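> what follows is a predicted protein model with its sequence.
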Amino acid sequence: MMTLGGDHTIALPILRSVAKKHGPVALLHFDAHLDTWDTYFGAEYTHGTPFRRAVEEGILDTEALSHVGTRGPLYGKQDLTDDEKMGFGIVTSADVYRRGADEVADQLRQRIGDRPLYISIDIDCLDPAHAPGTGTPEAGGMTSRELLEILRGLSSCNLVSADVVEVAPAYDHAEITSVAASHTAYELTDASCPGRSRPAAPRARSAARSNLAAEPAPARPPRTRTYGRAAAARGRNVGTGPPGRPGRDVRMTHDHDLVLRPTEAQSAEALSPPPGPQRR
Ligand SMILES: [Mn+2]
């Protein structure tokens, strides 16, 4: 079952229903915020508190709770310590950027194992560049590419139910948020298809990538071009510099690695102060 929100409050009654069928479930919570606050503006049941209520009600498996994309402001001093006590692990949006979607998905899969899994996606996990139409946008978020790739990397998990929430069309522009949310919902639908299995895909992709890094491609004579000095200074290819003038070796390998190396003359020039107008 997948639910489209609506604000994040709806996750709580949905989790109650899911737990009636599957027992306490693993939770993967994509969000800029923790949503484990005790109260929000004095209220117990709000879009900032559903997962604390769920832990209190015993409907979550506290061995497998994770936030992904976290970066938002805290509501109180105890927020992080309370959250940790409840059993949550945190993958910040900066972690996703630094470690990459495949590695994050691998670690989440290990944490989740074969437990029944609920995925709750607050669209504000994305950067406002990818999801401006939401109630509490926070800068520095994940890209839609990172979110979709992590979800694809979780396709072997036992996903039993999911939601996509906090899309606010009134704040959207050019359907940017709706496009991100609909593609996210599509990936979740695909991931929850019974009998569908792509367990090895993310690992295979990682392996292929590391193989490329470990074993260099077969040697091929690199094409070498010398560019004009002015072009090199601007980093643009506007033609070949005349012989004898300081230039820059540009080696373009077949897999499009571009390696810029200054010539000896340029290196020497860089060490001496640049000629410029005399100061008075
Ligand atoms: Mn939320």
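That came through, no problem. Numbers count the residues shown, from 1 in each chain.
> show me the domain layout of this structure.
The record's domain parsing of the chain by automatic domain parsing lists 2-207, 223-271.
> and the residue of the stretch 101-250 of the chain found nearest the ion, how close does it get to residue 58?
Of all residues in the stretch 101-250 of the chain, residue 122 sits closest to the ion, with a separation of 3.5 Å (Cβ to the ion). The way it works is simple: take the backbone N, C-alpha and C, and place the C-beta from them, glycine included. Relative to residue 58, residue 122 is positioned 23 Å away (Cβ to Cβ, to the nearest Å).
> what's the separation between residue 80 and the ion?
According to Cβ to the ion, to the nearest Å, residue 80 stands 16 Å off from the ion.
> residues of stretch 102-117 that come out buried?
Judged by neighbour count (16 or more other Cβ atoms under 10 Å), stretch 102-117 contains these buried residues: 102-109, 111-112, 115-117.
> in CSV: the residues you listed, plus secondary structure.
Formatted as CSV, those follow (DSSP: H, G, I helix; E, B strand; the rest coil):
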residue, secondary structure
102, helix
103, helix
104, helix
105, helix
106, helix
107, helix
108, helix
109, helix
111, helix
112, helix
115, coil
116, strand
117, strand
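> can you tell me which of those lies nearest to residue 46?
residue 117 (24.5 Å; Cβ to Cβ).
> am I right that that closest one is in contact with residue 22?
No - using Cβ atoms under 8 Å, residue 117 makes no contact with residue 22, being 9.3 Å away.
> around the ion, pick out the residues from this structure.
Applying Cβ under 5 Å from the ion, one finds that the chain approaches the ion through 8, 31, 35, 122.
> 6 Å - rerun?
8, 31, 33, 35, 47, 122, 166 (Cβ under 6 Å from the ion).
> hmm, the first one is touching residue 34, no?
No - using Cβ under 8 Å, residue 8 is not in contact with residue 34, being 11.1 Å away.
> looking at those two, which one has more neighbours?
residue 8 (26 against 23; other Cβ atoms under 10 Å).
> give me the pLDDT for the nearest residue to the more buried one once chain neighbours are set aside.
Nearest in space to residue 8, with sequence neighbours left out and distances taken as Cβ to Cβ, 6 or more residues apart in numbering, is residue 47 at 3.8 Å. We have a pLDDT of 96 for residue 47.
> gap between residue 47 and residue 70?
In terms of Cβ to Cβ, residue 47 sits 15 Å off from residue 70.
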